[in-house]
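Trainee: What follows is a predicted protein model with its sequence.
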Amino acid sequence: MRDLNEILSQSSNSENQCFVRVALPIRHMDLLDYRCESHESAGVGCRVVVPFGRGTRLGIIVEQQHESNIASEKIKPIISVIETEPVVGEDLLRTLQWTSQYYHQSLGEVLWAALPNAVRTGRSLQPNVELGYCLSEIGRDFDIGNLSRARVQKAIVEILQTATQPVGQALLSNTGKSWRSAIRQLISKKLVEAQPLKSPEYSGHAELIQNLTDAQVVAVEKIVNTLDIYRCFLVHGVTGSGKTEVYLHVIDKILQSGGQALLLVPEIGLTPQLEQRVNRALGITVSCFHSGMTDIQRHKTWWGARTGAAKVVIGTRSAVFLPFKKLAIIVIDEEHDTSFKQHERVRYHARSVAIHRAATLKVPLVFGTATPSIETIFAAQMGRLEKIDLPERATKIRMPSMKLIDLNRSLLRDGVAIQILTEIEKRLHRREQSLIFINRRGFAPVIICRDCKWIANCVNCDAKLIYHISDQRLHCHHCFARFEMPSQCPDCMSDRVVRLGEGTQRIEQLLRSEILGARVMRIDRDSTQSHAEFERKIQQIQNREVDILIGTQMLSKGHDFPNVTLVCVLNVDAGFYSMDFRATEHMIQQVLQVAGRAGRFEKPGNVYIQTMFPDHEVFSSLLTHDYLRFARRELDQRKLARQPPYSHYALLRANSPQAGKEFDFLNQAHASATSILRRQSCSDIRLFDIVQSPIQKLSNRYRAQLLVSSENPRTLRHFLGIWTPLMEKIPQRGKLRWSLDIDPIDFM
């Protein structure tokens with residue numbers, strides 16, 4: 001018989017221990033059970049170190065329970081609890097769990113995507129205190145002329161002389177790469193002092209535009225009246241209609257009541273201009289969150305959102321996961337933009353996540369755009385969101401006139417109509433700016449032999465090589481490999497190898513040679529590789545230091561160029577050739593967005609569009625700025641074709657370095673899906689044939705895909721919930737990779 005003290009001891013230990021379910025950043029969908037002896041110190045949301053395999057991993061507790069389905073002796077104990085403070089709150093955890101379930105990604109992967117690098121590697125939740133710098137008493141009386149030889153030191157002192165509070169690193173870093181060394185020298189000279197930089201409080205001194213249009217007033221009132229409940233709005237306004245001003249007036253009301261606001265934008269390039277505008281309008285220092293920032297900067301914003309110090313955050317898609325203390329509104333500007341969809345790792349759409357988060361927090365969600373996505377227009381028709389119209393520009397200036405140039409009847413020079421060159425010269429004489437939009441980088445997109453028709457293709461990818469004049473080499477825009485430009489055809493040895501087509505570089509060369517004396521600037525991924533460089537170029541445009549802008553989609557969104565009166569759109573017909581059913585939608589959105597850069601202020605704007613298909617029905621909507629007309633027709637066509645939003649897609653992709661292995665995997669996945677459909681009698685599920693991806697070979701990996709659809713999203717989720725675990729059990733030989741993309745945007 002066991003000793004009574006032994007029984008009581010074991011009973012006491014049993015009461016003191018609990019079981020926890022931990023999420024780890026691994027692909028495995030299931031949570032893992034661990035034993036926690038002191039359950040009071042490890043609650044839901046806490047970080048813990050646990051044994052995993054032969055080593056240890058950092059995980060996050062997402063459930064607590066007093067018993068487990070696994071035998072107690074098989075459950076390993078937690079090694080350590082990093083802190084008792086939850087990393088994620090209850091409301092954010094619910095959104096992350098929904099994201100995991102809806103997109104069929106492991107909760108651990110979703111959680112890690114929501115955390116700054118320092119937190120997911122086990123470091124402190126609170127970032128190091130950032131230092132600010134100000135002039136000392138000696139420095140305030142110092143003669144700056146004594147620093148004439150120390151250029152960076154002098155620039156720093158000039159900034160600090162005009163500052164009313166300590167200045168942070170972000171501003172001082174603009175003085176030069178050696179600014180840190182310069183600061184240390186100024187401190188050693190006792191001219192500058194360092195002190196902890198505090199987040200400024202909301203001053204309440206907003207400088208908002210007061211003469212709003214009637215439509216803007218209605219929009220603000222409707223949103224403000226729902227600040228304590230969940231409501232979804234679509235602010236549909238033409239370019240220049242003052243959508244941002246609506247956001248600012250609503251956010252000002254929120255700040256007055258102590259709330260926080262999140263403003264999502266599609267591109268990093270939109271943040272500087274918007275940040276300055278919000279700072280000036282609301283009298284507050286805005287926090288930013290995007291991939292162009294350092295880990296330390298993102299960590300600081302994450303902590304500011306968590307503590308409430310960050311009152312307004314402007315960020316790209318991942319900012320939707322920030323742990324706000326008192327989030328009162330979410331705004332998604334340019335909601336139609338495909339950049340809100342994550343295409344790697346956790347494949348979520350920020351728009352969908354924002355809907356769930358706003359509903360969980362019971363706060364309003366505002367979409368803003370001149371060209372809503374077809375899915376959003378459908379949601380408005382179904383009553384899932386309220387549409388608010390801003391039908392005219394806030395400045396009362398007319399929308400730019402739109403004209404087509406028929407390429408079948410026009411004289412061209414390197415792909416540009418002579419008429420466009422003439423119009424550019426007119427703007428140059430009037431000291432106005434012109435914008436040439438061509439969404440194709442490089443100099444020439446096709447290298448071909450005139451004799452045998454050989455075409456230069458990438459050896460790593462199923463894609464054509466692009467000639468770049470900057471280094472006179474052939475570039476692959478997919479795997480980023482570079483090759484020498486051949487002087488002879490490698491197949492027939494002919495020297496008649498030519499460069500066909502136009503990219504941004506060829507257009508730049510043409511304009512520099514044809515319009516002498518013009519200040520030409522090209523903005524694309526090749527010429528503008530850093531966030532700081534892009535910001536500098538935008539400032540040059542606004543300062544009128546440029547006459548002609550040439551750019552890709554980087555220039556099409558949200559920028560205010562007061563002196564641009566002419567926009568020319570080249571290569572618009574590419575949207576008609578694509579296999580993507582959304583290609584025409586994306587094309588008209590892009591054209592209307594870039595057209596909106598013209599004539600936004602006092603001077604009228606003109607837009608010229610080059611096309612070989614001037615009679616195409618899409619142009620009837622473009623020329624009249626009637627996007628909704630196009631959307632209604634597009635919805636009718638998609639309904640007939642059973643395409644989104646009338647159905648819901650899931651795309652299974654597989655790729656392998658060995659040709660054929662990707663098909664082997666997808667064939668087994670197809671067989672298991674067919675078996676499920678037979679057993680479940682899911683007549684609403686459509687299983688398409690396995691096909692090669694449009695780009696069959698990418699970076700020496702062979703790719704194929706399998707599309708699944710259903711008109712009922714719940715039926716599709718139920719099917720995927722059964723199917724996904726079966727795919728994880730398929731033997732994956734070699735280095736095969738697969739992924740499941742819910743509501744895919746990109747079919748490439």
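Mentor: Nice, thanks for sending it over.
Trainee: Buried ones in stretch 344-363, by neighbour count?
Mentor: For stretch 344-363, the neighbour count (16 or more other Cβ atoms under 10 Å) marks 346-361, 363 as buried. (Each C-beta comes from the backbone N, C-alpha and C, glycine too.)
Trainee: Put the alpha carbons of that stretch into CSV.
Mentor: Listed next in CSV are the C-alpha coordinates belonging to stretch 344-363 (Å, rounded to 0.1, in the frame of the first residue of the first chain):
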residue,chain,number,x,y,z
GLU,A,344,4.3,34.3,-49.8
ARG,A,345,4.4,32.3,-46.5
VAL,A,346,1.1,33.4,-44.8
ARG,A,347,-1.1,34.2,-47.9
TYR,A,348,-3.6,36.5,-46.4
HIS,A,349,-5.5,39.5,-47.8
ALA,A,350,-5.3,42.5,-45.5
ARG,A,351,-8.7,43.6,-46.6
SER,A,352,-10.4,40.4,-45.4
VAL,A,353,-8.3,40.4,-42.1
ALA,A,354,-9.3,44.0,-41.5
ILE,A,355,-13.0,43.1,-41.9
HIS,A,356,-12.7,40.4,-39.2
ARG,A,357,-10.6,42.7,-36.9
ALA,A,358,-13.0,45.6,-37.2
ALA,A,359,-16.0,43.3,-36.5
THR,A,360,-14.2,41.8,-33.5
LEU,A,361,-13.4,45.2,-32.0
LYS,A,362,-16.8,46.7,-33.0
VAL,A,363,-15.2,49.7,-34.8
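Trainee: neighbours around residue 111, how many?
Mentor: Neighbour count of residue 111, defined by other Cβ atoms under 10 Å: 27.
Trainee: no, scratch that, I was asking about residue 227
Mentor: Neighbourhood size, residue 227 [other Cβ under 10 Å]: 17.
Trainee: who touches it in this structure?
Mentor: 250, 253-254, 257, 259, 328-329, 363-364 (Cβ atoms under 8 Å, 6 or more residues apart in numbering).
Trainee: Can I get those in CSV including distance to residue 484?
Mentor: CSV is the format used below for these (distance: Cβ to Cβ, whole Å):
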residue, distance to residue 484
250, 56
253, 61
254, 58
257, 64
259, 59
328, 58
329, 54
363, 57
364, 57
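Trainee: What subset of those residues is buried?
Mentor: The buried subset of the contacts of residue 227 - by 16+ other Cβ under 10 Å - is 250, 253-254, 259, 328-329, 363-364.
Trainee: Go through those and name the one nearest residue 271.
Mentor: The shortest approach to residue 271 among those belongs to residue 329, at 18.2 Å (Cβ to Cβ).
Trainee: about what we covered before: so which of the buried ones among the contacts of residue 227 sit within helices?
Mentor: Assignment to helices by DSSP state H places the following of the buried ones among the contacts of residue 227 there: 250, 253-254.
Trainee: coming back round to it: what two of the buried ones among the contacts of residue 227 are the furthest from one another?
Mentor: Longest span within the buried ones among the contacts of residue 227, Cβ to Cβ: 253 and 363, 12.8 Å.
Trainee: Counting neighbours, what do you get for residue 224?
Mentor: If you count neighbours by other Cβ under 10 Å, residue 224 ends up with 15.
Trainee: before we move on, what about residue 61?
Mentor: Using other Cβ under 10 Å: residue 61 sits among 25 other residues.
Trainee: Now do the contacts for it.
Mentor: 20-22, 42-46, 48.
Trainee: contact partners of the lengthiest helix in the chain?
Mentor: If you go by DSSP H, the chain has its longest helix at helix 661-680. For helix 661-680, contacts defined as Cβ under 8 Å, 6+ apart pick out 652, 654-656, 682, 685, 687, 690, 702-706, 708, 719, 722-723, 726-727, 730, 732-734, 736, 738.
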